[in-house]
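Participant: Mind folding the following:
(one chain, ligands or ions: 1)
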Amino acid sequence: GAPQDLAGLHVVVSAGGTREPIDPVRFIGNLSSGRQGVALARAAQDRGARVTLVAANLTEPLDGIEDVVRVGSTAELRDAVRAAAPGADVVVMTAAVADFRPARTPGAKIKKVPGQGPAPIELVENPDILAELARERLRPGQVVVGFAAETGDETGDVLHHGRAKARRKGADLLVINPVGGGRGFGTDSNEVTIVDAQGETVAQAAGSKREVADAVWDAVLKLSPPLAA
Ligand code: C5P
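Facilitator: Okay, here's the model as predicted:
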């Protein structure tokens, strides 16, 4: 079996992609499968942690994961993560969160009016849940981990954006993974560079999403000051 090196820890993992309602039947969404987040939750549980998985619109099988909170929109995801965070030693935000949401959500389906063009959808900015968690530390000493799916033609470009994001968001670790061109979203493997809050590389990992998940937990355990179990 797996080493029980996360025993005694409570971890919160968000996974999937948010859906921002446009009207009762439509939404703005994204292509995140949630597989990397589910792999992180399973790996943590196997290594002895108590896990809360905040699952945004997941269709992945979640059998065996003990505590699952299902959410749809960014507002729901934020509420669920913030409700669980005060009891958590580690919060990992793998969910793909919409940066913007429709300013208004009518109670009835938006209709196409013959002879009229499309009605514009006004957007407003969502709160950055990861940046808030990093700033507020809802439990003292809590470790906060983010993910950054970056597109870019060459690795250098991807890493450059990721390192800047790490410094901006203030998370203890940021897991940068290149997406697009068949990489990342919806695939069974992943390739990541893990950087610290200063944007310095602390680890690299490639392989199955489970192998990447184990590398993330290894990096969490190597942080200083160390997590007290
Ligand atoms: O800025 P970007 O969306 O690339 O950052 C990705 C990281 O930030 C992920 O960990 C994601 O879960 C988190 N995020 C968030 N709230 C947002 C947008 C992103 O927590 N509104």
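
Participant: CA only for contacts and neighbour counts going forward, please
Facilitator: OK.

Participant: Name the helix or strand of the chain that has the lowest mean pLDDT.
Facilitator: Across the helices and strands of the chain, mean pLDDT, DSSP states H and E gives its lowest value to helix 155-169, namely a mean of 85.

Participant: residues in contact with V91?
Facilitator: V11, V12, V13, A85, Q142, V143, V144, V145 (C-alpha atoms under 8 Å, 6 or more residues apart in numbering).

Participant: How about the contacts made by the nearest residue to P3 once chain neighbours are set aside?
Facilitator: Closest residue to P3 apart from its sequence neighbours, by C-alpha to C-alpha, 6 or more residues apart in numbering: R47 at 5.6 Å. The contact partners of R47, taken as C-alpha under 8 Å, 6+ apart, are A2, P3, Q4, D5, L6, A7.

Participant: What separation do you get for the fifth one and V54?
Facilitator: Noted for L6: a distance of 19 Å to V54, by C-alpha to C-alpha, to the nearest Å.

Participant: can you tell me how far the spatially most central residue of the chain sits from A149?
Facilitator: What sits nearest the mean C-alpha location of the chain, by C-alpha atoms, centre = their mean, is T94, with 1.7 Å. Applying C-alpha to C-alpha, the value for T94 to A149 is 10 Å.

Participant: Check K109 too.
Facilitator: Taking C-alpha to C-alpha, one finds K109 at 33 Å from A149.

Participant: quick one: which of the two has more around it?
Facilitator: Ranked by neighbour count (other C-alpha atoms under 10 Å), K109 and A149 place A149 first, with 20 against 12.

Participant: and the closest residue to the more buried one other than its chain neighbours, what does it touch?
Facilitator: Among residues not flanking A149 along the chain, N177 sits closest, at 5.0 Å (C-alpha to C-alpha, 6+ apart). Residues near N177 by C-alpha under 8 Å, 6+ apart: F147, A148, A149, E150, G184, N190, E191, V192, T193.

Participant: so the second one touches G162, yeah?
Facilitator: Yes. Using C-alpha atoms under 8 Å, A148 is in contact with G162, at 6.5 Å.

Participant: so what's in contact with these two at the same time?
Facilitator: Joint contacts of A148 and G162 (C-alpha under 8 Å, 6+ apart) are L174, I176.

Participant: Where does the prediction get shaky in the chain?
Facilitator: 152-156, 180-186, 228-229 (pLDDT under 70).

Participant: which bits of this protein sit near the ligand?
Facilitator: 93-99, 126-130, 146-148 (C-alpha under 6 Å from any ligand atom).

Participant: again, only this time at 8 Å
Facilitator: 14, 74, 92-100, 125-132, 145-150, 165, 169, 174 (C-alpha under 8 Å from any ligand atom).

Participant: Generate a PyMOL selection restricted to the buried entries among the residues you listed.
Facilitator: A single PyMOL command suffices to select whichever of these are buried according to 16 or more other C-alpha atoms under 10 Å:
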select buried, resi 14+74+92+93+94+95+96+97+98+129+130+131+132+145+146+147+148+149+150+165+169+174
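
Participant: now, which of the residues of the chain next to the ligand lie within helices?
Facilitator: Among the residues of the chain next to the ligand, the ones falling in helices (DSSP state H) are T74, I129, L130, A131, E132, K165, K169.
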